[in-house]
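> How does the following fold in three dimensions:
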Amino acid sequence: MKENMPEVSSDTLEEDGKVYYMNGKDGTEYDWFVNDHLPTFMVFYNDENNLGAAKATVYTDAGMVIYLYDEKGNHLAKEVQTFLDIDESELLKLAVCLRCNADDKKIWDAALDRIESDILPDESTEAEFLDNRKYYETSIRRKEIMGKLCVVSKKITREGWKVGFMLREELYDDEDSGWQFFAGDEDDEYLNNVEHVELCKVYSIAGIDPAVINHIDSPVGTRLIRKSPEEFEEDRNQSAFMEKWK
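Modelled structure (predicted):
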């Protein structure tokens with residue numbers, strides 16, 4: 001920040017520029033196992049908007065991305081991608097340390113000087129941390145599927161309808177999720193026109209219609225129809241509940 005934003009003085013930053021560990025959303029273990037990084041480290045502006053001045057994400061492979069924001073946090077001034085000079089096993093110890101001394105003590109989104117980060121975990125605590133990966137398998141699996149391709153009706157992407165009908169077919173290749181999403185009232189004539197469907201990533205559909213997320217790791221052969229604003233059920237040729245997301 002001193003090098004790239006010299007106009008930003010410490011007295012304009014929260015607690016003179018202290019670094020905060022932002023573990024309050026999902027927690028250290030979730031981010032480590034599901035998102036492949038630690039919760040972010042932040043420096044905030046000290047004003048009523050309290051926007052970020054600096055954000056650092058440290059990945060499990062020791063990669064790091066730093067974002068610097070000027071104009072009181074309203075403008076991305078610089079992005080820096082680098083690697084930490086640290087062994088991955090040592091980075092794991094840091095993750096365990098932060099889990100033990102922040103999450104386990106219910107210290108959330110706090111300045112680093114509140115976290116006893118010099119107290120390193122023993123081997124049994126590290127082993128327990130790694131074993132806890134089993135609790136995140138569903139989230140890990142869903143995230144992998146979210147990054148793959150799906151077929152979607154333009155009634156969803158262009159006309160603004162929520163998913164009314166979803167089915168999962170055999171995967172075409174490693175990039176294919178197998179999922180197809182429709183509004184629910186498309187007929188054969190509509191679907192036989194390739195101009196009426198498109199390919200996109202599953203996360204883009206889940207982003208506009210989060211109700212699909214709970215079913216996204218269902219097996220090939222799954223056919224679900226929407227029965228209410230937030231619920232799907234097995235397709236038995238009943239009519240889909242339809243509403244718009246925009």
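> May I see the buried residues of the helix or strand of the chain with the lowest mean pLDDT?
Here the helix or strand of the chain ranked lowest by mean pLDDT, DSSP states H and E is helix 188-191, holding a mean of 91. By neighbour count on 16 or more other Cβ atoms under 10 Å, the buried set for helix 188-191 is residue 190. All C-beta atoms are positioned from the backbone trio N, CA, C, and that covers glycine.
> Next secondary structure after it?
Per DSSP states H and E, the first helix or strand lying C-terminal to helix 188-191 is strand 197-201.
> who's in contact with the next helix or strand after that following strand?
Past strand 197-201, further along toward the C-terminus, the next helix or strand under DSSP H and E is helix 202-208. Helix 202-208 is contacted from outside by 145-150, 152, 156, 162-163, 177, 179, 181, 212-213, 216, 245-246, using Cβ atoms under 8 Å, 6 or more residues apart in numbering.
> Mind doing that once more with 7 Å?
Around helix 202-208, the neighbours that count as contacts under Cβ atoms under 7 Å, 6 or more residues apart in numbering are 145-148, 150, 152, 163, 177, 179, 181, 212-213, 216, 245.
> Centre of the chain to it, how far?
Relative to the chain's own centre, helix 202-208 is displaced by 12 Å; criterion: Cα atoms, centre = their mean, to the nearest Å.
> go on, stretch 97-117?
22 Å.
> swap in stretch 69-77?
That offset, for stretch 69-77, works out to 23 Å (Cα atoms, centre = their mean).
> Could you tell me which residues within it count as buried?
Going by neighbour count (16+ other Cβ under 10 Å), the buried part of stretch 69-77 is 69-70, 72-73.
> need the contact list for residue 33.
Per Cβ under 7 Å, 6+ apart, neighbours of residue 33: 133, 136, 140.
> And these, which of them are buried?
Buried residues within the contacts of residue 33, counting neighbours by 16+ other Cβ under 10 Å: residue 136.
> Take the contacts of residue 33 and lay them out in a markdown table including distance to residue 208.
Shown next, in a markdown table, are the contacts of residue 33 (distance: Cβ to Cβ, whole Å):
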| residue | distance to residue 208 |
| --- | --- |
| 133 | 30 |
| 136 | 25 |
| 140 | 23 |
